[in-house]
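Peer 1: For reference, the sequence and a predicted model appear below.
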Amino acid sequence: MIRVLLLLLALATPAHAVQPDEVLADPALEARARDLSKGLRCLVCRNENIDDSNAALARDLRVLLRERLVAGDTDAQAVAYIVDRYGEYVLLNPTTSGANILLWLAGPILLLGGLAVAVPMVRRRSQTRDGADLSAEERARLDELLK
Amino acid sequence: MIVELGHFALVLALAVALIQSTVPLIGAGRRNAAWMALADPAAVTQFLLIAFAFGALTYAFVTSDFSLRLVVANSHTLKPMLYKVSGVWGNHEGSLLLWVLILALFGACAVWFGDNLPPQLKARVLAVQGMIGVAFLLFMLITSNPFLRLEVPPLNGQDLNPLLQDPGLAFHPPFLYLGYVGLSMSFSFAVAALIEGRVDAAWGRWVRPWTLVSWIFLTIGIALGSWWAYYELGWGGFWFWDPVENASFMPWLIAAALLHSAIVVEKRESLKAWTILLAILAFGFSLIGTFIVRSGVITSVHAFANDPERGVFILLILAVFMGGALTLFAFRAGALEARGVFSIVSRESALVANNLLLAVAAFVVFTGTIWPLVAELLWDRKLSVGEPFFNAAFSPFMVALATILPIGAMMPWKRADLGRALRPLWPAALLSVALGSLVWAMQTERSALGPVGVILGVWVVMGALTDLWTRTGRGAVAGRLTRLTRLPRADWGKATAHAGLGITIFAVAAMLSWKTEDIRVVQLGETFPLGSYEVTLRDVQQEQGPNYTTTRADMLVTRAGAEVARLFPEKRVYPVQAMPTTEAAIDYGFLRDIYLVIGDPQDNGGWAVRSYIEPFANWLWGGALIMALGGMLSLSDRRYRVAAGARRSPAGVPAE
């Protein structure tokens, strides 16, 4: 059902990503708008940012974002304005608040953990000398051969 | 009738797989040659039965048999023949059938090419392969049977999703599946080795070709998917960090780590436990990928199945196989004694670093992919993890990997002298930094991404060439050139694959930082500038395709008055599914693509037109193909064709 609705929505407004009439006259402001929209999620789409999305809602968000920028908001204020209304879900770049810090630190932590395991392992390997794992018998035979 | 036979063959395949997964395993334990020998005919029979079922389903699609539910849901009489065939796997049930077909194919290949395997190992490998077959055949027959009939067949079908009606997407899933499922062989080898309790150089030599084959197919499959996204979705993006893309990227990263660590097992009999673990994880990530795609739990562009029952079943398969294999690993890993000794500065250590970086990178992708799910389950936070996160959290590991790659590749086994390994690389290092600085000075924007991409790309490519050149030894250039042609294929494969990676890294950076974009309303006959080109909208026509209607623009691209290309971007509507698609028109070039998209008619009579210049776009897919080519060269190396047989004592294995 939802899929049908979405489809109708898409059909009713066959828009395509950023439209010429949305583009702001001030190129600096427009560039900021484009950058910011790449980090905002189109809520009815699957994993698309509002800059790329064809959906009508994405267009509304693009226009809203530009209105805030024209009104003199800073980048942070404009994004905060949208997050206030649509929730954290709209941010494609997750914040570092709360448990999200785990997400951001997962890579570095695992790298350090991996190093903590790998470095002593490599050290051990390098300290074992060739032939150290020979049995007494084998060593005797080796000595024999090397004589 | 044929459809019923196909259905029957599938059930029969399940019975055969059950035998294959039990009898040879028991036989191997009791050293009963007859029981072990049963594995061979079982694996081949299982493959033939599934191949017949697949043929039957294909027949139903080609003849538009609308008494089959699956054909009704995914086909239409007017659909071109290519998409009638590709429609077989363009849906949940059919793609699973392809999955088990490829699984059984790999099992049969182990029979056909596995003459030199010791009978016990072979029996165990095929038994584990059979177990995976049982799990997925059960999954298919219980939750996703492709052969279900309809009581009242409709007159026509509902057509395939128009986005999937594309040659790129027709071949993208089979390649990806060949890669995904190929990793089941590495898994089976790992589990068989754990049951046997021994891993030696010969094991490394047997498992590496399978991993290499899977990795090659994954590379091509991912490149095809990315290319498809680039020309079909209409804004020139090539990678979206979509959960489904990540699902194929994680096994690729782990497989890349595995095929490097398997070399260490083969040449130096070290890193055995770690290699086994990687083999298990690689297939684990394939299963996770299957789960993500098939369950629709993390919704994305590709998830066309939204059924929790199926998700739970795959999760169960994942739990049983990963749980079982990792438990076995925990008990047996200690018994895998390492032999090779190496110093802190050595090829072995460099490969440990390679493995660490690739594994951590795969883990970062994994965390980012499942984080929205975790956050919602644990803290009831609805949040998104998208491109900005992955770019920031994943890229540093790739930068580190590309930085150490040429140095590690130059190091000798066992014990290396860092200064001596670096000496031949100085020209490569200087050249890359010089070119990077030049680009930095030339470009108008402040982003460091482009120059960094140039430095890394040149460094890796030149490093690969230097590696190849130093292998020819010393002496006159003519002599070295002759020796160059006589180097083992493995050396060529290594250098080629590394160079491909360098080219890919450069192309990604170039496309992300130097793209030109233009969005505007254009009147018929109007000309507008695009970079150093001029584009004219000559005409727009409504036309009729085989199963769609299209709005087709006629656009001329010129440079200083001379024609460069005439392009026809389209906007199609597929009436059966009532779905619009954009067909960008692209002029492919060596240094740049010109990418035009026609949008909607405007109130004032003009058309919305979006145009892009995509720098070095073809280098991206070219780089990926070169990587795959490197894999193929390596696969054709003499040592895999000759005397891969008898288990040799470690002393008998040549060091290089």
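Peer 2: Looks like it came in fine. Residues are numbered from 1 along each chain as shown, chains lettered A, B, ... in the order given.

Peer 1: so which residue of chain A comes closest to chain B?
Peer 2: A:Leu92 (3.0 Å; CB to the nearest CB). No exception for glycine: its C-beta is placed from N, CA and C like everyone else's.

Peer 1: Can you tell me the centre-most residue of the chain?
Peer 2: Looking at chain A here, since you left the chain open. Geometric centre of chain A, nearest residue: A:Asn93, 5.8 Å, by CA atoms, centre = their mean.

Peer 1: other chain: chain B
Peer 2: Geometric middle of chain B (CA atoms, centre = their mean) lands on B:Leu218, at 2.3 Å.

Peer 1: element containing that residue?
Peer 2: Here B:Leu218, judged by DSSP states H and E, is contained in helix B:201-232.

Peer 1: okay, now the residue lying closest to the residue nearest to the centre of chain A once chain neighbours are set aside: neighbour count?
Peer 2: Distances taken as CB to CB, 6 or more residues apart in numbering or on different chains place B:Pro388 nearest to A:Asn93, at 3.6 Å, with adjacent residues excluded. The number of residues packed near B:Pro388 is 16, by other CB atoms under 10 Å in any protein chain shown.

Peer 1: Where does the prediction get shaky in chain B?
Peer 2: B:295-308, B:337-338, B:340, B:445-446, B:641-656 (pLDDT under 70).

Peer 1: Just the buried residues of the helix holding B:Leu218, please?
Peer 2: B:201-232 (16 or more other CB atoms under 10 Å in any protein chain shown).

Peer 1: Stretch B:366-384 and chain A in contact?
Peer 2: Yes. Stretch B:366-384 lies within reach of chain A by CB under 8 Å from any CB of the partner chain, at B:Thr367, B:Gly368, B:Trp371, B:Ala375, B:Leu378, B:Trp379, B:Arg381, B:Lys382, B:Leu383, B:Ser384.

Peer 1: just to confirm, which helix or strand has B:Val312 in it?
Peer 2: helix B:308-332.

Peer 1: Name the residues that touch that helix?
Peer 2: B:92, B:131-132, B:135-136, B:139, B:142-144, B:187, B:190-191, B:194-195, B:197, B:273, B:276-277, B:280, B:283-284, B:287-288, B:290-291, B:294-297 (CB atoms under 8 Å, 6 or more residues apart in numbering or on different chains).

Peer 1: How far off centre is that helix?
Peer 2: Relative to its chain's centre, helix B:308-332 lies at 23 Å (CA atoms, centre = their mean, to the nearest Å).

Peer 1: helix or strand right after it?
Peer 2: helix B:347-379.

Peer 1: Show me what that following helix packs onto, helices and strands only.
Peer 2: helix A:100-127, helix B:243-268, helix B:272-295, helix B:387-410 (3 or more CB pairs under 8 Å, 6 or more residues apart in numbering or on different chains; DSSP states H and E).

Peer 1: what's the longest one packed up against?
Peer 2: Same thing as helix A:100-127. Judged by 3+ CB pairs under 8 Å, 6+ apart, the packing partners of helix A:100-127 are helix B:347-379, helix B:387-410.

Peer 1: List the buried residues of it.
Peer 2: Neighbour-count burial for helix A:100-127 [16+ other CB under 10 Å]: A:100, A:103-104, A:106-107, A:110-111, A:114, A:118, A:121-122, A:125-126.

Peer 1: so, if you compare those, which one comes nearest to B:Gly623?
Peer 2: Nearest to B:Gly623 out of those is A:Gly107 (CB to CB; 24.2 Å).

Peer 1: which ones are touching that closest one?
Peer 2: Applying CB under 8 Å, 6+ apart, the residues near A:Gly107 are B:Val360, B:Ala361, B:Phe363, B:Val364, B:Thr367, B:Ala393, B:Phe394, B:Pro396, B:Phe397.

Peer 1: what's the closest non-adjacent residue to it?
Peer 2: B:Val364 (4.1 Å).

Peer 1: B:Glu232 now?
Peer 2: B:Asp166 (5.9 Å).

Peer 1: Report how many residues lie close to that neighbour.
Peer 2: With other CB under 10 Å as criterion, B:Asp166 counts 18.

Peer 1: Quickly note the distance from it to chain A.
Peer 2: If you measure B:Asp166 against chain A using CB to the nearest CB, to the nearest Å, the figure is 18 Å.

Peer 1: about what we covered before: quick one: buried residues of the helix holding B:Val312?
Peer 2: Those would be B:Arg310, B:Gly311, B:Phe313, B:Ile314, B:Ile317, B:Leu318, B:Phe321, B:Met322, B:Ala325, B:Leu328, B:Phe329, B:Arg332, for helix B:308-332 by 16+ other CB under 10 Å.
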